[in-house]
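Visitor: Structure, please.
(2 chains)
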Amino acid sequence: AQSVAQPEDQVNVAEGNPLTVKCTYSVSGNPYLFWYVQYPNRGLQFLLKYITGDNLVKGSYGFEAEFNKSQTSFHLKKPSALVSDSALYFCAVRDGPGNTPLVFGKGTRLSVIA
Amino acid sequence: DAGVIQSPRHEVTEMGQEVTLRCKPISGHNSLFWYRQTMMRGLELLIYFNNNVPIDDSGMPEDRFSAKMPNASFSTLKIQPSEPRDSAVYFCASSPRVAGGREQYFGPGTRLTVT
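Guide: Residues are numbered from 1 along each chain as shown, chains lettered A, B, ... in the order given. A predicted model of the protein is given here:
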C-alpha cells in the first residue's frame, strides 16, 4: 500500500530564510509525488509534481522539491521564505500512472515570521 | 476555466436534517473525488468516480452518506440524517484526461456545521 509521511506538524522560519518542509513516501512501484498548499478557508492548490526525469522539480511561487529515491523523500524547499508563504502544505503520492486517488500526508503548517 | 465549483460554500443545519453538497468538476475531467477535512482526522477520501462510475466508496463513514454522479458535469454528496460529528469541510476534486501523472484540482470546499 502507498503512504506518505510528513514528520513535522509545524515549521517556523524567519522571513528571508530558506525553508524546507519534509516528506517521505512508501510505494511498491514508481512513485508519482505531489505538493499542495492550502491557504486559510481555501481548497488545496497544486504546487508541483515529480513524475520522472530531473530530481529537482520547480513549481509555483518559487517553490521546488527534490526527489531522492534512496531516501524515499520528496522535500519541499524555497530559498527565501515570504510571510505570504504561511499556509498548510500537503505532500501526496500515487503508486504508478493510473488515475487512482492521491494519498495525502497529514499536512505541515508553515509559519513565516517577519 | 472556472475550476471545480462547489455549492453551497457554507451550510448550517440541525441534527437529523438532510444535507446535499454539490460539485461541478472541470470540463473534460474523467475522475471525481470527494474528501472530508477535519482538525482531528485531516484529509480523508470518502469516494471517487471514474467516468461517472463509483470505484471505491470504502471511505464513506456510514450508510448515512451517499454520493452520485449522474453525468460527467455533476456530482452530489448526501448526508441523511446529519449528525454533529459530520461537521467538517467537504472538498470535491477532479482529475484530467492526460497521460502520466495526473494532479487533482480541488474546489473551494463546503463548510458544513451540524448543530
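Visitor: Residues in a beta bridge with the residue nearest the centre of chain A, which ones?
Guide: With distances taken as CA atoms, centre = their mean, residue A:35 lies nearest the centre of chain A, 3.6 Å away. Under DSSP bridges, the beta-bridge partners of residue A:35 are residue A:48, residue A:91.
Visitor: Quick one: residues contacting it.
Guide: Residue A:35 makes contacts with A:23, A:46-49, A:59, A:63, A:65, A:74, A:76, A:89-92, as judged by CB atoms under 8 Å, 6 or more residues apart in numbering or on different chains. From N, CA and C alone the C-beta is placed, and that goes for glycine too.
Visitor: Could you report the pLDDT at it?
Guide: pLDDT for residue A:35: 97.
Visitor: From residue A:48, how far out is it?
Guide: If you measure residue A:35 against residue A:48 using CB to CB, to the nearest Å, the figure is 5 Å.
Visitor: Please enumerate the shared neighbours of the two.
Guide: A:59, A:63, A:65.
Visitor: Could you list which residues are in contact with the second one?
Guide: The reference is to residue A:63. A:35, A:47-48, A:76-78.
Visitor: cool, and the first one?
Guide: If a contact means CB under 8 Å, 6+ apart, then residue A:59 has A:35, A:47-49, A:65 as its contacts.
Visitor: Helix or strand: which one has residue B:45?
Guide: Assigned by DSSP states H and E, residue B:45 falls within strand B:42-50.
Visitor: Check which helices and strands that strand sits against.
Guide: On a contact count with 3 or more CB pairs under 8 Å, 6 or more residues apart in numbering or on different chains; DSSP states H and E, strand B:42-50 meets strand B:31-38, strand B:53-56, strand B:65-71, strand B:74-79.
Visitor: For the second one, buried residues please.
Guide: Taking 16 or more other CB atoms under 10 Å in any protein chain shown as the neighbour-count basis, strand B:53-56 is seen to contain the buried residues residue B:54.
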